[in-house]
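Engineer: can you look at this prediction? I've put the sequence above it.
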Amino acid sequence: MLKSWKLKEVVLMSLFAVVFGIVYLLFVHVANIWAAVIGPLAYEWMFGIWFIVSIICMYIIRKPGAAFLSETMAAAIEVLIGNAVGPRLILTGVVQGLGAEAAFALTGYKHFNILVLMLAGIGSAVFSFVYGYFVSGYAALDPSFVALMFTIRVLSGAIIAGIGGKYIGDALLATGSLRGYAIARTKKGDVNA
Amino acid sequence: MPKEILSLNNLSFRFPEDQTATLQDISFAVSKGEKLVISGPSGCGKSTLLYLLNRLYPDNCDGSVDGEVLLFGKPATDYAPGEINHRIATVFQDPDSQFCMPTVEDELAFTLENLQIPFDKMEARITAVLELTGLTHLRHTIIQSLSGGTKQRVATACTFIMEPEVLLLDEPLSHLDPYTAKQFVEWLTELQLKTQLTIVAVEHRLDSWGTFFEREIQLGENGCLVKDHLFSPKQPILFPERKSVLLPQTALQVENLSVTIKNKQLLTPLSFAVHRGEIVVVAGPNGSGKSTLVKSLCDIYKPTTGTIQSDGTGYVPQSPEYLFLTQTVQKEVAYSGSSNPTEIASLMTRLRLETIRDDHPFAISHGQKRRVAIAAMLADKRPVLLMDEPTSGQDTAALLELFELIDQRSKEGTTFLIVTHDMEFAASLADSVLLVKDGELTGKFDAKDVWHNEDLLASHHLLAPKGVARFAESFA
Amino acid sequence: MRNLLHNMNPSVKFIAVTISMLTIAFFFNPWTPLLFWVSILLLQLTMSHINWKLWLLFMLPFSIGAFGYLWTTVVFGADTGGTIIWSFAGINVTDEQWAHALSLSFRVMAFSSLSLMFAFTTDPVKFILSLMQQLKLSPKLAYGVMVGYQFLPVMKDEFTQIQQAQRLRGAVVEKHSWQRILSMRRVLIPMLAGAVRKAERSAFAMEARGFTGEPRNAYYRPILLSRMDFLMSFVFLTILLTSCLGGIWLS
């Protein structure tokens, strides 16, 4: 699978992961404080920031694996830069990346419109929730509370990661810096763009 | 007849995104031991040409190649990926993005691992190349902690460890200040003498190279070969002469300013004053506190002691796009809302931004970005402009444009403080010079008193502007 | 002895940590995670030398999170029956709910300590090299991640510079989190545009030095597997088994 990847695309995913890693660290501090007050719900609304790397990378590079690889690399970098959550993050990254990847795979890697990107955000949300259900023991919580957490996470995935990812991808395209990547070669006005 | 090792026959190259070809019908050959430079204006395709020689292109951009590229007598396409790179090695322009490992030793080892060198040979080759390049003392140093000039030396050492036959240089001086650049060229000259390597360089500032090259190939705007001739040492850019337009009013008054951040005193108390319309050059060694001074003047850093009185200070960073907040040039200039539409319109015309008013501020040229940044600052009523290293990485045309831009604005009463290492540029513009060293202000000098004082300049890691005589006359 | 955790092969350590976490996740009694947590602390006390002050600083947010978990699980816990042990403000807490709540909170503490143990005793560069050498991670990915890691200080600096420049333009720092997320886009675009440029340059520099992404024959820094690694894996496994069995037996 990696054969068809250019090194510059792999490095791009890695550097994007660093950028979002820096941003994420800013927010996780805030969430940690909220967590004491409102419990695990504090993290739910910002889950989308986590998924956004995979969606932006796929939107730009448009190769099978872009969502999965970028999310996994993002998690690995997060570990390297000293995010205290450490190695369990890599597993989380793998799971979330698979969620987004699944959505793109379902559409045959042919469509990258807003709906597909939102679906990918939801995919990440669902996969990560199932994983979290297991590892963080949501089973012990009241079903209605779990449902609330799930809804917030799915919304965050669709809105922050899906819509936000498309917005950032388009804004970046407008700066003219994405020359040489798949997104820049898609003709304007193309319904799939 | 020396042996031809690289040859291009009727080479044309087009990027998939473009309609027209970047390089057109280029033919030349390079013989063993030659020292060749390819020159031409920014964007003429010189780097593209270099990337066709080390096989980064066409694979990395899916561009289309017409004609023939022969490397050591074999078509470039016949080489496997990576196969040619240890015979034709490359040093790039950006010292900050050429490394992937933490220390110098690790980076050298990375290169050897790429070449599938057996483990027991690695140690000896690393020691030898560090010896050869005089970098032995930096073996275990973290690369990111080194200065730009040293990073370029490390990048060069990484090419030498491959024992290449040809060294390609992609504007290796463009991010270095003239003082460091001169040292780098001297160092490289010595290495070339020892190794007799063939060198193909791409460069737009040839004056820093002295007599290093033997042959020059010039490319034109349209990517055609214009000239292929013997190299002759180049004179620095000749800037037009300018008349000082100092006004009597004070635009900036600094008293006892000092900055301490995290218990570290970055600036010891300093005082100076600047007139309206004055152009002040701020110079000194790297890390001497120039940036701290500029940032405290425009209120990014809070002064620890002292006062700053001014008409309003604006800041243009080395990368002007750091300032941009909107999607079009027009909105960018109008962002602060401090100027009325007539003033905005007048600024847009004076800074020649009318034609690009609807363009994305990130998608325009570097020179245009700087004009947008200046317009935005002036629209925000900040008539004292602080510019951080505006000359870095600029070619002749861009520097002349920058000169015009600053000269014009100063005639309109704008005051400038410009951080630069480029003393030719400084000498052409400055009314006065602020010399900074180790966080201390050596003094504010009249410009004409500085250019002859080589000791004073050297103690601040600056080279006297070439062609000082001309300035002496014009100030006499 | 105090170097044991630091010298352990990073891949082996990573696998040990992962297996431990996935196993503990099956247990909902309070004792298993508690036992495991205490054992990890003991392990770290005896087999590593770390800055405990810094450790406490990192542990603090997790402790707060654990507390958040405790009360939400008590209040929003699933209705599992059991006897009511205490009531507060109209909420009846059963013994089972309380056990679950304690279990989840201890789990947060155990996982956090485990993660911190990994983070505090593992050299990131060695970790990547080990992933490549022991777990056969593709060099393209491994060195891609390595480049990102090297750029971290540069990018952090760039982030500050952009924020400073934009503040000068009058871009204010928003109060609410959601506003800050929205305003983050302004910093993100120049950062990402810069990242695209840096990515291409770095990739070209690597390829120009013969990097193809193919597996390598020899490494200058071989990360080795030793007998100690097997021994340490055994230690981890013992702790894990003891915690699981001990937990079942105690509850």
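Structural biologist: Arrived safely, thanks for sending.
Engineer: close to chain B: what parts of chain A are there?
Structural biologist: Of all the residues in chain A, those in contact range of chain B (Cβ under 8 Å from any Cβ of the partner chain) are A:Lys6, A:Lys8, A:Ala171, A:Ala174, A:Thr175, A:Gly176, A:Ser177, A:Arg179, A:Gly180, A:Ala184, A:Arg185. No exception for glycine: its C-beta is placed from N, CA and C like everyone else's.
Engineer: where's the second one, which helix or strand?
Structural biologist: Of the helices and strands defined by DSSP states H and E, A:Lys8 is found in helix A:7-38.
Engineer: quick one: list the elements packing against that helix.
Structural biologist: helix A:41-44, helix A:47-61, helix A:66-80, helix C:52-76, helix C:139-168, helix C:177-208 (3 or more Cβ pairs under 8 Å, 6 or more residues apart in numbering or on different chains; DSSP states H and E).
Engineer: mind putting the ones you listed in CSV, mean pLDDT, distance to B:Cys44 and mean neighbour count included?
Structural biologist: Output for the helices and strands packed on helix A:7-38, formatted as CSV (pLDDT from 0 to 100; distance: least, Cβ to Cβ, whole Å; neighbours: other Cβ atoms under 10 Å in any protein chain shown):
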stretch, mean pLDDT, distance to B:Cys44, mean neighbour count
helix A:41-44, 78, 52, 21
helix A:47-61, 93, 28, 29
helix A:66-80, 89, 34, 28
helix C:52-76, 85, 53, 18
helix C:139-168, 93, 29, 21
helix C:177-208, 90, 19, 21
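Engineer: re the thing from before, buried sites along the helix holding A:Lys8?
Structural biologist: Residues of helix A:7-38 classed as buried: A:7-24, A:27-28, A:31-32, A:34-36 (neighbour count, 16 or more other Cβ atoms under 10 Å in any protein chain shown).
Engineer: residue contacts, A:Leu7?
Structural biologist: Taking Cβ atoms under 8 Å, 6 or more residues apart in numbering or on different chains, we find A:Leu7 in contact with C:Lys140, C:Gly144, C:Ala203, C:Met206, C:Glu207, C:Phe211, C:Gly213.
Engineer: so for it, what's the pLDDT?
Structural biologist: pLDDT, A:Leu7: 96.
Engineer: likewise the one 10 residues further on?
Structural biologist: The model reports A:Ala17 with a pLDDT of 92.
Engineer: try A:Pro40
Structural biologist: For A:Pro40, the model assigns a pLDDT of 70.
Engineer: right, and it touches A:Leu148 too?
Structural biologist: No - counting by Cβ atoms under 8 Å, A:Pro40 does not reach A:Leu148; the two are 10.7 Å apart.
Engineer: between the two, which one's more packed in?
Structural biologist: Between A:Pro40 and A:Leu148, counted using other Cβ atoms under 10 Å in any protein chain shown, the more crowded position is A:Pro40 (22 against 15).
Engineer: contact residues of the stretch 151-251 of chain C facing chain A?
Structural biologist: Residues of the stretch 151-251 of chain C lying near chain A (Cβ under 8 Å from any Cβ): C:151-152, C:155-156, C:159, C:177, C:180-181, C:184-185, C:187-189, C:191-193, C:195-200, C:202-204, C:206-207, C:211, C:213.
Engineer: out of the helices and strands packed on helix A:7-38, which comes closest to B:Leu167?
Structural biologist: helix C:177-208 (10.9 Å; Cβ to Cβ).
Engineer: next SSE after that closest one?
Structural biologist: helix C:227-250.
Engineer: can you list contacts of the worst-scoring helix or strand of chain A on mean pLDDT?
Structural biologist: Using mean pLDDT, DSSP states H and E, the weakest-scoring helix or strand in chain A turns out to be helix A:41-44, at a mean of 78. Helix A:41-44 has contacts (Cβ under 8 Å, 6+ apart) with A:Ala31, A:Asn32, A:Trp34, A:Ala35, A:Leu148, A:Met149, A:Ile152, A:Arg153, A:Ser156, C:Gly68, C:Thr72.
Engineer: next: stretch C:158-165.
Structural biologist: Under Cβ under 8 Å, 6+ apart, the answer for stretch C:158-165 is A:Ile22, B:Lys295, B:Ile300, B:Tyr315, B:Pro317, B:Tyr322, B:Leu323, C:Val187, C:Pro190, C:Met191, C:Gly194.
Engineer: mind checking how far the last one is from chain B?
Structural biologist: According to Cβ to the nearest Cβ, to the nearest Å, C:Gly194 and chain B sit 8 Å apart.
Engineer: without its sequence neighbours, what residue ends up closest to that residue?
Structural biologist: In space, and not counting its chain neighbours, C:Gly194 is closest to C:Glu158: 6.3 Å by Cβ to Cβ, 6 or more residues apart in numbering or on different chains.
Engineer: now swap in the first one and tell me
Structural biologist: The spatially closest residue to A:Ile22, leaving aside those adjacent along the chain, is C:Phe159, at 5.6 Å (Cβ to Cβ, 6+ apart).
Engineer: picking that back up, now the helices and strands packed on helix A:7-38 in CSV, with distance to B:Lys3?
Structural biologist: Formatted as CSV, the helices and strands packed on helix A:7-38 follow (distance: least, Cβ to Cβ, whole Å):
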stretch, distance to B:Lys3
helix A:41-44, 66
helix A:47-61, 43
helix A:66-80, 45
helix C:52-76, 61
helix C:139-168, 35
helix C:177-208, 24
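Engineer: now for those, which one comes closest to B:Ser7?
Structural biologist: helix C:177-208 (20.4 Å).
Engineer: what helices and strands are in contact with the closest one?
Structural biologist: helix A:7-38, helix A:164-174, strand B:88-91, helix C:139-168.
Engineer: now the helices for chain B?
Structural biologist: Applying DSSP state H to chain B gives helices spanning B:46-53, B:104-114, B:119-133, B:148-160, B:178-195, B:290-297, B:329-334, B:341-350, B:366-379, B:396-411, B:423-429, B:447-450, B:454-459, B:468-475.
Engineer: from B:Met423, how far off is B:Ala458?
Structural biologist: 11 Å (Cβ to Cβ, to the nearest Å).
Engineer: neighbour count winner among the two?
Structural biologist: More crowded of B:Ala458 and B:Met423, by other Cβ under 10 Å: B:Met423, with 25 against 12.
Engineer: how far away is that one from A:Ala67?
Structural biologist: Applying Cβ to Cβ to B:Met423 and A:Ala67 gives a distance of 51 Å.
Engineer: again with B:Lys411
Structural biologist: Taken as Cβ to Cβ, the span from B:Lys411 to A:Ala67 is 55 Å.
Engineer: for B:Leu266, what are its contacts?
Structural biologist: B:Val259, B:Thr260, B:Gly289, B:Thr292, B:Gly439.
Engineer: drop anything exposed from the residues you listed.
Structural biologist: B:Val259, B:Gly289, B:Thr292, B:Gly439.
Engineer: make CSV from the residues you listed and add distance to A:Met118 and pLDDT to it.
Structural biologist: Shown next, in CSV, are the buried ones among the contacts of B:Leu266 (distance: Cβ to Cβ, whole Å; pLDDT from 0 to 100):
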residue, distance to A:Met118, pLDDT
B:Val259, 48, 94
B:Gly289, 50, 91
B:Thr292, 46, 92
B:Gly439, 53, 93
